[in-house]
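**Student:** Quick one: sequence and predicted model below, then my questions.
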Amino acid sequence: MSDPWQSTERRLLKLLADRTAFGLNRAEERELQQLLGVVPDFDTESMERAAATVQLASTPIEPLPPAVHARIRACGRRQVRSSGGG
């Protein structure tokens, strides 16, 4: 038999992760607010930050186009030269 608190906590975590990653529909948002009313000291801000971090970490990174890369390097070199570092 599962503990009611664990299932509430699990559902809260899922809704918070979904809200961060995809957004929630009205029914899900109402459910989230209702669950937060049951567990008012739940740290939603930390959980949302963690979910956002996971989402960003799993986002594929595409390399810069060569022309953009060259422009950034050239700008960096000019900046270093103008500051007396090169």
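**Tutor:** Sure, I can see it.
**Student:** In the chain, what residue spans correspond to helices?
**Tutor:** 4-21, 26-38, 44-57, 66-82 (DSSP state H).
**Student:** Per-residue pLDDT of residue 85, please?
**Tutor:** For residue 85, the pLDDT comes out at 68.
**Student:** Show me what counts as buried in stretch 28-35.
**Tutor:** Neighbour counts over stretch 28-35 (16 or more other C-beta atoms under 10 Å) mark 32, 35 as buried. C-beta here means a position set from N, CA and C on the backbone, and glycine is covered the same way.
**Student:** Would you format the helices of the chain as TSV with mean pLDDT included?
**Tutor:** Shown next, in TSV, are the helices of the chain (pLDDT from 0 to 100):
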stretch	mean pLDDT
helix 4-21	85
helix 26-38	94
helix 44-57	84
helix 66-82	94
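**Student:** Would you mind finding the most buried of these?
**Tutor:** With neighbours defined as mean count of other C-beta atoms under 10 Å, the helices of the chain peak in mean count at helix 4-21, which reaches a mean of 14.
**Student:** any idea how far residue 68 lies from residue 74?
**Tutor:** To residue 74, residue 68 is 11 Å away according to C-beta to C-beta, to the nearest Å.
**Student:** again, but for residue 34
**Tutor:** Separation of residue 34 from residue 74 (C-beta to C-beta) stands at 56 Å.
**Student:** what's the answer for residue 62, then?
**Tutor:** To residue 74, residue 62 is 21 Å away according to C-beta to C-beta.
**Student:** measure stretch 58-68 end to end?
**Tutor:** Stretch 58-68 has an end-to-end distance of 24 Å (C-alpha to C-alpha, to the nearest Å).
**Student:** residues in contact with it?
**Tutor:** Contacts with stretch 58-68, where a contact means C-beta atoms under 8 Å, 6 or more residues apart in numbering, come from 69, 72.
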